[in-house]
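*Asks:* Test case, fold it:
(chains A and B)
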Amino acid sequence: MSLFVDLTLNGITYGVIYAAVALGLVLIWRATRILNFAQGALATLTTYIAVSLLDRSINYWFAFAAALAAGLVVGALTERVFIRPLYGKPELNPVVVSIGLLILVESVVGAIWGSADRGFTPAFSQYGVDIFNDHLDFSRFDIFVLGSVLVLMLAMLVLFRWTSLGLKMRAGAFAPEVARLLGVRVGRILTVGWALATLAGALAGVLVAPLVLLSPNMMDPILVYGLVAAVLGGLDSPVGALVGGVVTGLGISYVGGYLGSSMETVGAAVLLIAVLSVRPEGIFSRPRARRV
Amino acid sequence: MSVHASSRTTRLPGLIRLPDQPLVRHLLLAIVAGGLLLWLTFSVSAFDNTELAEIGWYAIAIAGLSVLTGVSGQISLGHGAFVAVGAYAAGLMMEHFDLPLIVPIAVGVAVAAVLGALVGLPATRLRGPYLAAVTLALALAVQDIPEKFSSLFNGDEGIIVNPATPPHSVPPERWLAWITLFSALVTMVVLANFLRSRFGRALRAVRDDEIAAAASGLHPARLRVLAFAVSAATAGLAGGLFALWSGIVSPDSFSLFLSIQLLAGMVIGGSGTLGGAWWGALALVYVPEWSMSLSGHFNFSSGISANLQNAVFGVLIIAIMMVAPSGIQGWLRSLGSKLWGWPGHRRAVATGSTPLPAAISSPHSSTTSTTEGNIP
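*Replies:* Next up, the predicted model:
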């Protein structure tokens, strides 16, 4: 099939993975106004947990579920231990702490599992399928990636819109004081928010590991692209995260395919600067007055 | 021990009174520090002199970042990019032309300053997290450019830079230490005066309250670009000196990790302070060394010892942010003002202006963190 179609499909696969990372960033940003740079490192940790289960020849699905569960636990712990003391501090402080956490977690992962690249075999074939007597660079695994991110997004939608926990989370982010007066345990809600966000990152980790090689800093570029996606979407909008993710994925895929893979990072930077020059708060943000 | 309200004079414990004139005071301090450092370069080994040179260029880079992030309140997670640009520009000049050392280094500074101003232009409209994302993307991108234009930059191999030729009888390591430390002291004097000038005051005013500053006739956008350019120029100088120090300029030296290291150095030393830049530089040079000898001492496995220094940096950053967010310099200042009544002048905790609208504690947070409640 033509290069363009292959690049498009490839871009969408990567794009939804960036969208999952972006969703995690957006969830945390909405609830706590913190940009979590440790998101990628935490996802690397959960992915290594999955791979060490696979090494013990445990079923892929069990390892997959374990990674997501580990994401919940690690996210909740991070919020409780590292982030909670920083609420109300200058906005640079949690940014710096999350960067400290990034290099700490990556070096702990490197110390435990070694720094060498390694493979991660998924349950599905990564070989492209043949359709209409033509080879398409789109595998069953790619379909699985799309499906699982879609399920994640739908689950989040259901959670936030139709459950009482979701209502409490929206209330906690929207007006913490009022929510607390009405009996919402805002502190706990924030912990749950971080847990869910890290789960989204953990999903991105296990999905991207078969595509790139697994290594302690595997998620560094993925985090940056996820951040680009979240920022393009406008940090406050989960829908924006999905759209931003796909736009970023497509953009990077085209740049990499037509200009060479070394231009991917440059392309991401240019895309980001170009969009933000026109809309400084992302595509899906509403202009709003800053408080004086 | 009496704690008096501080006078306008900067006093050190008891005896010494420093002059009021900022330029005179900064020059005096620099000359004293220069004398001590000169003595140090004579009394330590060649290897230690190389490390002194490393401390010099780190201190310059951190000081530049500190001006941007600490004083102007703009977060840069990609300062390594400006160091890289300065190093490549200076390195290419040194490779192709036979000029006095100051020319290629000045070119590096100029190129970095231009790039800084260019990045600063869109940055004027961007708030904290958006700016952080742009600078982070930039740091990632700059590493890949040499590979794309490998005929000019020699790709992954990098450019070989010949060491500076010392006047005879001076060992090259000591000469290198002199060059970087002298540059560092000059940078500190220039930056100290810049921060005490009307530009410095204006930057702090814009950081603390942009609207009030604009209403007072300042131009926040211009000042932000200025801060970016000054900070990038400083990083470019660090880059040129890095090229001399390392002898090779290749993409490997400018990974994302360099930017994170500079941020770590700034935080450890105390952001927004020039003294803090030196503490940060010391930490960046000696923490890896100590962690190496530590893991040698305890016979850690290679996996642990390879990762120990980053783990230590991670822990240090987190611990300092939790316990003493104004870093070593801020801690020293508060200690000094407790013990000897030093003026606790200038805000040492010079992080970004807007506090987080604490979801936990602040009653006003809903005004800034308005989100549409019906979005999943």
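
*Asks:* In space, not sequence, find me the middle residue of chain B.
*Replies:* Nearest to the geometric centre of chain B sits B:Ile62, at 1.1 Å (CA atoms, centre = their mean).

*Asks:* Remind me what the helix or strand containing it packs against, helices and strands.
*Replies:* In this assignment (DSSP states H and E), B:Ile62 forms part of helix B:46-65. Contacts defined by 3 or more CB pairs under 8 Å, 6 or more residues apart in numbering or on different chains; DSSP states H and E place helix B:46-65 against helix B:22-43, helix B:79-96, helix B:172-196, helix B:220-246, helix B:256-269, helix B:274-297. To be clear about C-beta, it is placed using only N, CA and C from the backbone, and glycine gets the same treatment.

*Asks:* Name the residues of that helix that are buried.
*Replies:* For helix B:46-65, burial by neighbour count (16 or more other CB atoms under 10 Å in any protein chain shown) applies to B:49-65.

*Asks:* Please apply the same query to stretch A:254-268.
*Replies:* A:254-257, A:262-268.

*Asks:* Check stretch B:171-190 too.
*Replies:* For stretch B:171-190, by 16+ other CB under 10 Å, it's B:173-181, B:183-185, B:187-189.

*Asks:* what stretches of chain B score poorly on pLDDT?
*Replies:* B:1-17, B:342-376 (pLDDT under 70).

*Asks:* returning to that earlier point: against B:Ala30, how distant is the residue nearest to the centre of chain B?
*Replies:* 17 Å (CB to CB, to the nearest Å).

*Asks:* check contacts around B:Ala238.
*Replies:* Neighbouring residues of B:Ala238 by CB atoms under 8 Å, 6 or more residues apart in numbering or on different chains: B:57-58, B:60-61, B:64, B:83, B:86.

*Asks:* 7 Å - rerun?
*Replies:* Taking CB atoms under 7 Å, 6 or more residues apart in numbering or on different chains, we find B:Ala238 in contact with B:57, B:60-61, B:64, B:83, B:86.

*Asks:* got CSV for those residues, with distance to A:Gly75 too?
*Replies:* What follows is those, written out as CSV (distance: CB to CB, whole Å):
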residue, distance to A:Gly75
B:Trp57, 38
B:Ile60, 39
B:Ala61, 34
B:Gly64, 35
B:Val83, 34
B:Gly86, 39
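
*Asks:* Between the residues you listed, which sits nearest A:Ser115?
*Replies:* A:Ser115 lies nearest to B:Val83 out of those, by CB to CB, at 24.4 Å.

*Asks:* how many other residues sit next to the residue nearest to the closest one when sequence neighbours are not counted?
*Replies:* Leaving aside its sequence neighbours, B:Val83 sits nearest to B:Gly239 (CB to CB, 6 or more residues apart in numbering or on different chains; 4.2 Å). Neighbour count for B:Gly239, taken as other CB atoms under 10 Å in any protein chain shown: 33.

*Asks:* Chain B next: which of the buried residues of stretch A:254-268 are close?
*Replies:* Filtering these for proximity to chain B (criterion: CB under 7 Å from any CB of the partner chain) leaves A:262-263, A:265-266, A:268.

*Asks:* And these, which is closest to A:Val178?
*Replies:* A:Ala268 (39.2 Å).

*Asks:* residue contacts, that closest one?
*Replies:* Here A:Ala268 is in contact with A:224-225, A:228, A:248, A:252, B:137 (criterion: CB under 7 Å, 6+ apart).

*Asks:* any idea how far B:Glu157 is from B:Ser151?
*Replies:* B:Ser151 is 12 Å from B:Glu157, by CB to CB.

*Asks:* Compare these two (neighbour count), which wins?
*Replies:* Between B:Ser151 and B:Glu157, counting by other CB under 10 Å, B:Glu157 is the more crowded of the two (12 against 6).

*Asks:* Next to chain B, which bits of the stretch 101-250 of chain A? Give me the list.
*Replies:* By the rule CB under 7 Å from any CB, the part of the stretch 101-250 of chain A lying against chain B is A:101, A:103-104, A:106-108, A:110-111, A:114-115, A:156-157, A:160-161, A:170, A:173-177, A:186-187, A:190, A:220-221, A:224, A:227-228, A:231, A:235-239.
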